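>>> Here is a sequence together with a model predicted from it:
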Amino acid sequence: MAGEQNIGSGGGAVAYVGEAVIRFWGGVKDFGAYVASIVVSFRSLRFIRMRSIYAIILRQTVFTGIDALPFVIIVAVLVGGVVIIQGMTNLPRFGIEGYFGNLLVIIIARELGPLVTALIVISRSGTAVATEIATQKWSREILSLEIAGIDPRLYIVFPRIVASTLSVFSLILFFDIVAFMGGYIISLTSIYVPVDTFFQNLAASFTLTDLLSTVIKSILFGVLIPLIACYYGMMPRSKFEIPIFVSRAVSRTLFFVIVLNVIVSASFYFTWLE
Amino acid sequence: MRADIRAVAGRIRESMGKVEYRVGLFVLVPAVVIVLFILVKLGYSLATTTMDVYVKVNSIASLRKGTPVQIKGYRLGRVVEIRPLFKPALHFLATIRIRKDIELYEDCAALISRENVIGDPVVELRNPEKKGEFLREGDVIEGFESGSVDEIMAKVNVLLTEVNAIVALYRQVSEESRQDLRALVTGLSQSVTNISTIIQNSQKDIIEIIGSMRKTARTLDDVSAEIKKHPMKFLFQGKK
């Protein structure tokens, strides 16, 4: 009897995993079809007035990029300061202070810069975009666009992808610059390193590969964040489902951004990319 | 009504214009930074990274245009020009073009030496023990010329000869010392023999002395016994 119970619970676990895998695969297929539909919608780009898309891109860039800039700057200064103080205090203990510049570039420019910026953009703009689109859908604005013959993917999703890509790209670069400069100023409170030595070491350590890694991450994150936010923003069928899908949009975007970050970082250590 | 619409449209256009400027700046500043960074990394120089400093030397026998300048063996730059100065006495001013980013102090010295087996000249900069002001563009450093290879070889030869002489002297001294030691040991053994002989002889003499002392004591006993028996006879014995 006990043995049957065990087999039963084991079978339930397998069924649960199987269901989760099928659900995940269904979600991937659905998301793939959604991305494909956006690509297909570019065919009707010529029927749309660029001025209207242009205005949406501008407004979205202001919200996602410029309005987030003060927050990004503060976080960058703090993160940069912590990394620089920790590095300059602890690296000499192991006799590897000569690699300080390399470590700084790897930690701030290649990893923390893109990731922290993406997290800020997700928390501010990802939620906002998902909520806005879900509300538009609930109030039938999207349906009205379709009835008017305007492709909502082209009019709503595409401008947000462009704006988000521009914003994330610029924010990451601002983050890196401010983290290095502000971090250096903060680090002066605990340790002294000549300013020219610090920045020359940094410039010597910063390679074009590091820059390429940062740019690739900024473009991928910039595309992925609005894409997932819009995908889940289109999902709710009633106003009560809006918070559920907004929350799901944020959690899934976070997950995929972290996974993508790992994939891009790891791929840059393969010899064929070096 | 139409005027109101126009005014609203104008205000919208104005606000859009401001937004455009803000977004333009927001996107262009990082783009310019990236372009500048790529240019610098590709080797294009945006600002000069070197400075010209003068080295005053008495002789340019081993200094020429293109001579490398280094600090602790690390290449900093090279000599770009050498020109003579006739006052107060003939000397030379070598212009060296070196990197700005290395910490050098105004009291540093320039040692002109030769670096490898071939004897290529090199200007070695040495920072002073006490650090003062940083070396700046146009500063003059005192240059010192170290000896040439021939001079060094001659000095090394003299040194080796002196070392050989010292070694020979030490060897001689040690040999003499060895002989002296042998003589000393021999003398010591003889002295020990003599002392033992003396001691043995002394022992014989002591026995004889003790024997004679016993005889003397016996004689004295006889004399005292004679005195006790016949004191007058003893006193007038031998007198007529």
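Perfect, thanks for sending it.

>>> Tell me the residue of chain B that sits nearest chain A?
B:Pro30 (3.6 Å; C-beta to the nearest C-beta). Where you see a C-beta, it was placed from the backbone N, CA and C, and this is true even at glycine.

>>> so how far is A:Ser170 from that residue?
5 Å (C-beta to C-beta, to the nearest Å).

>>> swap in A:Gly27?
Relative to A:Ser170, and taking C-beta to C-beta, A:Gly27 is found at 31 Å.

>>> Comparing B:Pro30 and A:Ser170, which residue is more hemmed in?
A:Ser170 (28 against 20; other C-beta atoms under 10 Å in any protein chain shown).

>>> Where does the record place the domain boundaries for chain B?
Following automatic domain parsing, one gets these domains for chain B: B:1-47, B:50-147, B:148-240.

>>> Alongside chain A, which residues does chain B contribute?
The interface of chain B toward chain A, taken as C-beta under 8 Å from any C-beta of the partner chain, is made up of B:16, B:19-20, B:22-23, B:26-27, B:29-30, B:33-34, B:37-38, B:40-41, B:101, B:103.

>>> Weed out the non-buried ones from those residues.
Buried residues within the residues of chain B next to chain A, counting neighbours by 16 or more other C-beta atoms under 10 Å in any protein chain shown: B:19, B:23, B:26-27, B:30.

>>> Contacts made by stretch A:166-173 with the rest, please.
Defining contact as C-beta atoms under 8 Å, 6 or more residues apart in numbering or on different chains, one finds that stretch A:166-173 is touched by A:57, A:60-61, A:64-65, A:68-69, A:72, A:113-114, A:117-118, A:120-121, A:125, A:214-215, A:217-219, A:221-222, A:225, B:23, B:26-27, B:29-30, B:33-34.

>>> if you average pLDDT over it, what comes out?
When pLDDT is averaged along stretch A:166-173, the result is 94.

>>> Now find how far off-centre that stretch is within its chain.
10 Å (C-alpha atoms, centre = their mean, to the nearest Å).

>>> Can you show me the CA trace of that stretch as PDB?
Taking Å, rounded to 0.1, in the frame of the first residue of the first chain, the C-alpha atoms of stretch A:166-173 are listed here in PDB:
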ATOM      1  CA  LEU A 166      18.400  53.600 -27.600                       C
ATOM      2  CA  SER A 167      17.700  54.200 -23.900                       C
ATOM      3  CA  VAL A 168      19.400  51.000 -22.600                       C
ATOM      4  CA  PHE A 169      22.400  51.600 -24.800                       C
ATOM      5  CA  SER A 170      22.900  55.200 -23.600                       C
ATOM      6  CA  LEU A 171      22.100  54.400 -20.000                       C
ATOM      7  CA  ILE A 172      24.700  51.600 -19.900                       C
ATOM      8  CA  LEU A 173      27.300  53.900 -21.200                       C
END
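
>>> Around the residue of chain A found nearest chain B, how many other residues sit close by?
Residue of chain A nearest chain B, by C-beta to the nearest C-beta: A:Leu173 (3.6 Å). Applying other C-beta under 10 Å, we find 23 residues neighbouring A:Leu173.

>>> after the helix or strand where it lies, next one along is what?
Assigned by DSSP states H and E, A:Leu173 belongs to helix A:158-187. Using DSSP H and E, the helix or strand that follows helix A:158-187 in sequence is helix A:195-205.

>>> Mind giving me the packing neighbours of that following helix?
The contact analysis (3 or more C-beta pairs under 8 Å, 6 or more residues apart in numbering or on different chains; DSSP states H and E) places helix A:195-205 against helix A:100-104, helix A:158-187.

>>> ranking those helices by burial, who's on top?
Most buried of those by mean neighbour count (mean count of other C-beta atoms under 10 Å in any protein chain shown) is helix A:158-187; its value is a mean of 23.

>>> starting at the chain centroid, how far to the helix or strand bottoming out on mean pLDDT in chain B?
The weakest-scoring helix or strand in chain B, judged by mean pLDDT, DSSP states H and E, is helix B:231-235 (a mean of 73). The chain centre lies 102 Å from the centre of helix B:231-235; the measure is C-alpha atoms, centre = their mean.

>>> Equivalent analysis for stretch B:159-175, please.
That offset, for stretch B:159-175, works out to 25 Å (C-alpha atoms, centre = their mean).

>>> for the record, mean pLDDT for that stretch?
Averaging pLDDT along stretch B:159-175 yields 86.

>>> what's it in contact with?
Outside stretch B:159-175, no residue touches it (C-beta under 8 Å, 6+ apart).

>>> Tell me where the model's unsure across chain A.
A:1-10, A:97-98, A:191, A:271-274 (pLDDT under 70).

>>> who in it is up against chain B?
Within chain A, the positions lying close to chain B (C-beta under 8 Å from any C-beta) are A:55, A:58-59, A:61-62, A:65-66, A:69, A:166-167, A:169-170, A:173-174, A:177, A:194, A:196-197, A:200, A:203, A:206-208, A:211, A:215.

>>> mind running it again at 7 Å?
A:55, A:58, A:61-62, A:65-66, A:166, A:169-170, A:173-174, A:177, A:196, A:200, A:208, A:211 (C-beta under 7 Å from any C-beta of the partner chain).

>>> Could you single out the nearest of these to B:Pro84?
A:Asp196 (35.4 Å; C-beta to C-beta).

>>> neighbours of that closest one, just the number please.
So A:Asp196, with other C-beta under 10 Å, has 12 neighbours.

>>> what about it, distance to A:Val105?
Counting by C-beta to C-beta - A:Asp196 and A:Val105 are separated by 17 Å.

>>> and if you look at B:Ser15?
For B:Ser15, the distance to A:Val105 - C-beta to C-beta - is 40 Å.

>>> Tell me which of the two has more neighbours.
Neighbour count, other C-beta under 10 Å: between B:Ser15 and A:Val105, A:Val105 has more, with 26 against 10.

>>> For the more buried one, list the residues it contacts.
Each residue near A:Val105 by C-beta atoms under 7 Å, 6 or more residues apart in numbering or on different chains is listed here: A:202, A:205-206, A:210.

>>> most neighbours, which of the residues you listed?
In those, the most neighbours by other C-beta under 10 Å go to A:Phe206, 22 neighbours.

>>> Check the secondary structure at the most centrally placed residue in chain B for me.
Nearest to the geometric centre of chain B sits B:Glu129, at 14.8 Å (C-alpha atoms, centre = their mean). Put simply, B:Glu129 is coil when judged by DSSP: H, G, I helix; E, B strand; the rest coil.

>>> That one and A:Tyr232: what is the separation?
69 Å.

>>> Then B:Asp52?
Counting by C-beta to C-beta - B:Asp52 and A:Tyr232 are separated by 64 Å.

>>> Going by how many neighbours each has, rank those two and give me the top one.
Legend: neighbour count by other C-beta under 10 Å for B:Asp52 and A:Tyr232, higher for A:Tyr232 (24 against 15).

>>> Quickly find the element holding the more buried one.
Using DSSP H and E, A:Tyr232 falls in helix A:208-233.
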